[in-house]
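Engineer: Got a sequence here, can you model it:
(one chain, ligands or ions: 1)
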Amino acid sequence: MPNPLVVTALGGIAVTYVFLWALLYLTQDGKEPPVVSSSIPFISPILGMVRWSMDFYPHMRERHRDLPIYTLRIPGARLYVINSLDLIPVVQRQWRTLLFPPIQAKAAQAAMGASKEALAILKHDMITEHGFVHGMVKTTLPTMSGPSLNVLNAKTSEVFEEALRQFAAPTTVNLFEWIGKQIIESSTISRFYKTLCADISVSKYHPALMFIMLDILPQNIFFGAAVQGREQLIKSFAKYYADGSYKQGSAYIQQLIAHCIDHKIPGDDIPKFLVGTVFNNVANTVPTAFWLVYHIFSDAVVREECRKEVSQAVQNQDGTSTIDLNFLLTSCPTLLSTYQEVFRYHGMANSVRVVSENHMLDNRYLLKKGGLVMISARAQHSNPAIWGEDVHQFQHKRFVKQESSEEQRLNPVAFRGFGGGTTLCPGRHFATAEILMLATMILLRFHVRPAKDASWARPSTAKSSQAEAMEQPDVDIEVEFVPRSEASGKTWQKQKLGSI
Ligand code: HEM
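Structural biologist: Numbering: from 1, shown residues only. Take a look at the predicted model:
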């Protein structure tokens, strides 16, 4: 005789299952993109996300190659995921309906603890340049290129120069940690003209960011150390703001603060926004610089090819050597290709947009108000139909080939290292100059090899925070910097800079 408890439990499961199916299909419009991953309605996508982690969207792209776009239903949200390359520009053109600012407002609230008043200002007008968010990008954009960028770059190269001068004798460091320190220092010195944050506070906060952004668990209870790190940073920036030091900061910081003041952002929130820009500035630059240095030095072929190119960027005069940044950016195809391949291979940006009103995408797919649209860089970057059968290998010359061969010419939309459309990263010129400068200075002046007991084995990235656009290594690599005899005895001058 069957156990009545088992029968009741099975009956309960069956009724719940039927109820979830009915709920899913009654609330799904036939014109919406097809629902997938619904074997257990509302739950299967979550199980898939847990199982596949950052490979979830590439996995789904493989399973549903025939679908240009599909719907995932999870509790409380419908996610419209873009599979097809052709739909990406269509989504990007609808930036007034498929909005990015709500995501930025969410980040300001969950990650930076912005006040209700500040959030109301951020959310007031999310469409035009009169609103805070779009206005901020417009106001600060000119400070991220041309002469302002040159000033940022000059300060950055001074920080790197000072750091590398410490390696007069062979020195062992943890590579990711060391690069992190230099980028945090260079980003703050070049923007704020001051060392404002102990890198320890940033590294305490950063690993928790992804969970903090989900905004499900109380921050103080579950992420105490991280929140403490953030508060320390905010204090230090509050002093910088209150004593008027920012008036001597970079054009970028002055414009940003002027914009906050114009929009009447409360004084207590401005330091939070400043800390937010530090995270924005360093979060992806650090892993990108790490992977570039890693891929260059862990492969003798890449290293020698890049070194040969960047050696030609050096101008020697009276014992002084100067690196021409413009040369790096225009005449070092292997270095630039390696840099781009780092983004393709390690990039994992998830561009999320909020559907602000019911919308027929491409006149074909109904996107319902309140839904989220997702473009996964990883899904595009790992697609063999775009990149070829060697898509899963790091090919440092991939982009040199793309440039030179007509038939293989790459659709630029497929490369999402810095996003695309109206939200294409405005900091990309600065990040690029900073990362290439650091890699070049190291290439020219040092041998970098694994320290005793270490190796160039590629670190896993499974624990990467998916709030970021780049994979982060799970473990660090201990390396030794050994000065090259060819470069010793020279005085290295500030880089010769030019507008990008
Ligand atoms: C290697 C380093 C960097 C990477 C990989 C990166 C990546 C990205 C990506 C993928 C987006 C698009 C997000 C989306 O559409 O959902 C973006 C936007 C943005 N990035 Fe970066 N970024 C980097 C460095 C920087 C730096 C140094 C700054 C500092 C100025 C910066 C500021 C921004 C801002 C303000 C936006 C939003 C633009 C808007 O709202 O229109 N990024 N970045």
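
Engineer: Please, where are all the strands along the stretch 101-250 of the chain?
Structural biologist: Remark: strands of the stretch 101-250 of the chain, listed N- to C-terminal, are 171-174; assignment by DSSP state E, counting those that start in this stretch.

Engineer: Show me which residues of it sit near the ligand.
Structural biologist: Residues of the stretch 101-250 of the chain that fall close to the ligand, judged by CB under 6 Å from any ligand atom: 137, 144. The C-beta positions use only the backbone N, C-alpha and C, and glycine is treated the same way.

Engineer: Excluding chain neighbours, give the residue nearest to the residue in the stretch 101-250 of the chain positioned nearest to the ligand in space.
Structural biologist: In the stretch 101-250 of the chain, no residue comes nearer to the ligand than V137, which is 4.5 Å away by CB to the nearest ligand atom. With CB to CB, 6 or more residues apart in numbering as the measure, P426 is the residue that lies nearest to V137, at 6.0 Å, once sequence neighbours are left out.

Engineer: same thing with D29?
Structural biologist: Nearest residue to D29 in three dimensions, chain neighbours excluded: L366, at 5.5 Å (CB to CB, 6+ apart).

Engineer: returning to what we had before: assumed the residue nearest to V137 was part of a strand.
Structural biologist: No - using DSSP: H, G, I helix; E, B strand; the rest coil, the assignment for P426 is coil, not a strand.

Engineer: Would you agree it is in contact with K138?
Structural biologist: No - with contact taken as CB atoms under 8 Å, P426 and K138 are classed as non-touching, separated by 9.6 Å.

Engineer: Between the two, tell me which one has more neighbours.
Structural biologist: Under the criterion of other CB atoms under 10 Å, the comparison of P426 against K138 puts P426 first, with 19 against 14.

Engineer: now the more buried one: how far from T139?
Structural biologist: Distance, P426 to T139, by CB to CB, to the nearest Å: 11 Å.

Engineer: go on, N284?
Structural biologist: 22 Å.

Engineer: between these two, who's got more neighbours?
Structural biologist: Comparing N284 with T139 by other CB under 10 Å, the one with more neighbours is N284, at 24 against 16.

Engineer: List the contacts of that one.
Structural biologist: The contact partners of N284, by CB atoms under 8 Å, 6 or more residues apart in numbering, come to 431, 468-470.

Engineer: just A289 next, same as before
Structural biologist: Each residue near A289 by CB under 8 Å, 6+ apart is listed here: 179, 183, 434-435, 438-439.

Engineer: same deal with Y339?
Structural biologist: Residues counted as contacts of Y339 (CB under 8 Å, 6+ apart) are 292, 432, 435-436.

Engineer: Which residue does the protein have closest to the ligand?
Structural biologist: The minimum distance from the chain to the ligand, using CB to the nearest ligand atom, falls at G427 (2.1 Å).

Engineer: Secondary structure element holding E304?
Structural biologist: Using DSSP states H and E, the secondary-structure element containing E304 is helix 300-311.

Engineer: Verify the stated contact: A110 with I216.
Structural biologist: No - taking CB under 8 Å as the contact criterion, A110 and I216 are not neighbours in contact, 9.7 Å apart.

Engineer: which of the two has more neighbours?
Structural biologist: Between A110 and I216, counted using other CB under 10 Å, A110 has the larger neighbour count: 17 against 9.

Engineer: Distance of that one relative to L325?
Structural biologist: A110 sits 37 Å away from L325 when distances are taken as CB to CB.

Engineer: repeat for T71
Structural biologist: Distance from T71 to L325, counting by CB to CB: 46 Å.

Engineer: which phi and psi does the nearest residue to R353 once chain neighbours are set aside have?
Structural biologist: Ranked by CB to CB, 6+ apart and with sequence neighbours excluded, the top spatial neighbour of R353 is L98, at 3.9 Å. Backbone geometry at L98, expressed as degrees, to the nearest 10, gives phi -100, psi 100.

Engineer: residues touching L98, list them.
Structural biologist: Under the criterion of CB under 8 Å, 6+ apart, the neighbours of L98 are 91, 353-356, 359, 367, 373.

Engineer: Just flag the most distant two among those residues.
Structural biologist: Distances among the contacts of L98 were taken as CB to CB; the most separated pair is V91 and S356, at 13.2 Å.

Engineer: And these two? Which one has more around it.
Structural biologist: Legend: neighbour count by other CB under 10 Å for V91 and S356, higher for V91 (23 against 18).

Engineer: Wait, that one touches L361, no?
Structural biologist: Yes - shown here, V91 and L361 form a contact pair, counting by CB under 8 Å, at 7.0 Å.

Engineer: going on from whichever strand or helix holds N316, what's the next piece of helix or strand?
Structural biologist: With secondary structure defined by DSSP H and E, N316 is part of strand 314-317. Moving toward the C-terminus from strand 314-317, the first helix or strand encountered (DSSP H and E) is strand 320-323.

Engineer: And that next one, what's buried?
Structural biologist: When neighbours are counted by 16 or more other CB atoms under 10 Å, the buried residues of strand 320-323 are found to be 322-323.

Engineer: Low-confidence bits of the stretch 301-450 of the chain, can you list those?
Structural biologist: By pLDDT under 70, the weakly predicted segments of the stretch 301-450 of the chain are 401-408.

Engineer: And the helices in it, which stretches?
Structural biologist: 325-331, 333-346, 377-381, 384-387, 398-404, 428-445 (DSSP state H, counting those that start in this stretch).

Engineer: same deal with the stretch 1-150 of the chain?
Structural biologist: If DSSP H, counting those that start in this stretch is used as the criterion, the helices of the stretch 1-150 of the chain fall at 4-26, 44-52, 56-63, 87-93, 101-110, 116-124, 132-140, 146-165.

Engineer: got these as CSV, with distance to R230 columns?
Structural biologist: Written out in CSV, the entries for those read as follows (distance: least, CB to CB, whole Å):
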stretch, distance to R230
helix 4-26, 38
helix 44-52, 26
helix 56-63, 28
helix 87-93, 32
helix 101-110, 11
helix 116-124, 16
helix 132-140, 21
helix 146-165, 23
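
Engineer: Any idea which of the ones you listed gets closest to T188?
Structural biologist: Each of the helices of the stretch 1-150 of the chain was checked against T188 via CB to CB, and the shortest separation belongs to helix 146-165, namely 9.2 Å.

Engineer: Not counting sequence-adjacent ones, nearest residue to N281?
Structural biologist: For N281, the closest residue by CB to CB, 6+ apart turns out to be S187, at 4.5 Å.

Engineer: The one you found contacts V282, correct?
Structural biologist: Yes - between S187 and V282 a contact is recorded at 5.2 Å, counting by CB under 8 Å.

Engineer: Between these two, tell me which one has more neighbours.
Structural biologist: When S187 and V282 are compared on other CB under 10 Å, the one with more neighbours turns out to be S187, at 29 against 24.

Engineer: that older thread, out of the helices of the stretch 301-450 of the chain, which is closest to D125?
Structural biologist: With distances scored as CB to CB, the stretch of those nearest to D125 is helix 428-445 (26.0 Å).

Engineer: Relative to the whole chain's centre, how far out is the closest one?
Structural biologist: 17 Å (CA atoms, centre = their mean, to the nearest Å).
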